[in-house]
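# how would this look folded up:
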Amino acid sequence: MDEFVIFLVILVAGIFFSELFKRLHLPYVPALIVAGIVVGPLGLNLVELTPSMLFLGSIGVIFLMFIAGLEVKTDYLTSIWKRVGLCALINGGLPGFVGFTISYLFGYEIITSILLGTIFVSSSIAVIIPALQEKGLINTESGSVIVGTVVIEDIASLFLLSMILQTANPTTNLPLPLFIIVVIFSIVLIKYFLPKIENVFFERRGRGGVEENVQFVLVLLVSVAVYFELLGMHAIVAGFLVGLILSKAIKNKPIESKLHVLSYGVFIPVFFLEVGIETDLTVFLEASDTVLLSLAVVGGLILSKILSGYLCGRLMGFSRKERLLFGVASTPQLSTSLAVAFTALELGLIDSSLQVSIVLLSITTVLVAPFVVGLLAKTT
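Sure thing, here's the model as predicted:
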C-alpha cells in the first residue's frame, strides 16, 4: 500500500475515534490506541506499518516524553522536594515491588521483572495535572504534594529504565559504572549549557519569530536525542531531559503552544496509533495465562498505588478522602509506560502478552482515574 494512503488512513482514523470518544466524554489517548487496533491487522487490516511510519512513531515517542518533561516546573519541584521525598519513596517503592513480584511469579526473567517494577514506580504527569486542574485541586496542599510526588517518581523511574535498557541491550563498550558516570556528567553539562544557548538564541532573534524559535527548540531536542543515542541511551530519555531543562526557559506561550500543536497534531498521535496497531490481542485466545497476567498487572498497579498513596496521605496529615484522592490520582500510566512497552518489545525484553497487559493498564488507568478524581473532588 502507498505510504501516503497509509498515513491518510492513520490520520482519518485518529480524527474519527478522537471525536467519537470526545462525544462519549472519554480521554483522547485510548481513542487513538483503539483506532490503531481497528485499522490494524486485528481489525479492518487497512494499515501495514512501513519503515517510514515506524520512524514517525519513534519521533512521536520522543515528543511525548519531551512534552511530559516540559510540563514539569523545576522551581516548584525544588521548593517542595523535602516534603514529598518520602511520599515518592512509598508511592513508588511499594508499587515497584508489586510489579516485580507479579512479573517474577508469572515466570519472567529478572530483568523483565525489574522492568515491570520500574514501570509501576512511574505515574503520568500528563493525566494527573489536567485532572487536578479541572477540579480546582492543583493549588491545594494535597494537590501540590501529589504533583510533586509524581514528578519525582517519573524522573526516578525514567533514569532507572534507561539503566535497565542499557544493561539488557548494551549499545556502548563502556563498563556500566563508567557509563553511569558519563551519563550523569553529560546531564550536568546539558543542564548547564542548554538554557544558556536557548536564551542567547532567543535574545538575538528577538521576541518576534515564533516559528524560528520553535525550530531552534526542535534542533536542540533532536541534537540531544542524537547525542544520547551515540552515548548508548534511548532517545526517550533525551526527550524527557530536554523538556525538563527547557520547562523553566520556555516562558513564551506562543512557542509552547506551537510545540504542543506540532507534537499532538502529528507525531504523538502516530505513536499512539502505532501502539494500537502493534497490540496483539490474539494472545488472549492463545493462552489463558495472558488474561490472568493482565488482571494481575492492572489490579496490582491500581491497588498498590491506592494503598501507598493512602499511606502517604496519612503521613502528611490529610483527611481520609484526601488520602484516597492521593492514591487514585497517582494511578494513571501513560507516557513512560507506553514508551517503555513500545521500546522493550522491540528489544525483546518483553513478550506480546506483557506488552498487551501494559497497554491495557494504560487504557484502564487513563479512563478510570480522572473520573474517580472528579467524584472525590465533589466530596473533598
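
# drop to CA atoms for contacts and neighbour counts, all remaining ones
OK.

# Please state the backbone phi and psi of H25?
With angles defined as degrees, to the nearest 10, H25 sits at phi 60, psi 40.

# what number of residues lie near it?
Using other CA atoms under 10 Å, H25 has 10 other residues around it.

# Then V359?
By other CA under 10 Å, the residues close to V359 number 23.

# Which of the helices or strands spans the residue nearest to it when sequence neighbours are not counted?
Excluding the flanking residues, the one nearest V359 by CA to CA, 6 or more residues apart in numbering is L338, at 6.6 Å. Using DSSP states H and E, L338 maps to helix 335-347.

# elements contacting that helix?
If you count contacts as 3 or more CA pairs under 8 Å, 6 or more residues apart in numbering; DSSP states H and E, helix 335-347 packs onto helix 51-70, helix 110-121, helix 141-168, helix 352-379.

# Nearest to F97, out of those helices?
Closest of the helices and strands packed on helix 335-347 to F97 is helix 110-121, at 6.0 Å (criterion: CA to CA).

# for the closest one, what is the average pLDDT?
When pLDDT is averaged along helix 110-121, the result is 91.

# packing partners for it?
helix 74-105, helix 141-168, helix 335-347.

# Next, the buried residues of the shortest one.
Of the residues in helix 335-347, those with enough neighbours to count as buried (16 or more other CA atoms under 10 Å) are S335, T336, S337, L338, A339, V340, A341, F342, T343, A344.

# Tabulate the helices and strands packed on helix 110-121 in JSON lines, adding columns for distance to K196 and mean pLDDT.
Formatted as JSON lines, those follow (distance: least, CA to CA, whole Å; pLDDT from 0 to 100):
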{"stretch": "helix 74-105", "distance to K196": "16", "mean pLDDT": "83"}
{"stretch": "helix 141-168", "distance to K196": "23", "mean pLDDT": "78"}
{"stretch": "helix 335-347", "distance to K196": "28", "mean pLDDT": "77"}
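
# Nearest approach to L315 belongs to which of these?
Of all the helices and strands packed on helix 110-121, helix 74-105 sits nearest to L315, with 8.4 Å by CA to CA.

# tell me which element G317 falls in.
Using DSSP H and E, no helix or strand contains G317.

# what about it, how many neighbours?
Each residue near G317 was counted by other CA under 10 Å, and the total is 12.

# Heading C-terminal from the host helix or strand of Y227, find the next helix or strand.
Y227 belongs to helix 210-231 when assigned by DSSP H and E. For helix 210-231, the following helix or strand on the C-terminal side (DSSP H and E) is helix 235-249.

# Buried residues, that following helix. List them.
Those would be 235-247, for helix 235-249 by 16+ other CA under 10 Å.

# sorry, back to before: orientation of the helix holding L338 relative to helix 352-379 in degrees?
Helix 335-347 runs at 180 degrees relative to helix 352-379, counting by axes from the mean of the first three to the mean of the last three CA atoms, to 10 degrees.

# what's the nearest residue to G313 if we skip its chain neighbours?
R323 (4.3 Å).

# could you list every residue that touches that neighbour?
By CA atoms under 8 Å, 6 or more residues apart in numbering, the contact set of R323 is G309, Y310, L311, C312, G313, R314.

# now, among those residues, which is nearest to D351?
Each of those was scored against D351 by CA to CA, and G309 proved nearest at 30.1 Å.

# Poorly predicted segments of the stretch 201-350 of the chain, please.
For the stretch 201-350 of the chain, the stretches flagged by pLDDT under 70 are 201-210, 232-234, 236, 248-255, 283-288, 335.

# coming back round to it: wait, which of the helices and strands packed on helix 335-347 is closest to S294?
Here helix 352-379 is closest among the helices and strands packed on helix 335-347 (CA to CA), at 4.5 Å.

# In terms of helices and strands, where is the residue nearest to G313?
With DSSP H and E as criterion, R323 is part of helix 320-329.

# Report the angle between the helix or strand where I184 lies and helix 210-231.
According to DSSP H and E, I184 maps onto helix 176-205. For helix 176-205 against helix 210-231, the angle by the same axes, to 10 degrees is 160 degrees.

# Could you pull up the contacting residues of the residue nearest to V359?
Counted by CA under 8 Å, 6+ apart, L338 has contacts V275, I358, V359, S362.

# Need the winner for burial among the helices and strands packed on helix 335-347.
Each of the helices and strands packed on helix 335-347 was scored by mean neighbour count; the highest is helix 110-121, a mean of 25, by mean count of other CA atoms under 10 Å.

# Show residues contacting that one.
Contacts to helix 110-121, defined as CA under 8 Å, 6+ apart, come from residues 91-93, 95-104, 153-154, 157, 160-161, 164, 168, 301, 336-337, 340, 349-350.
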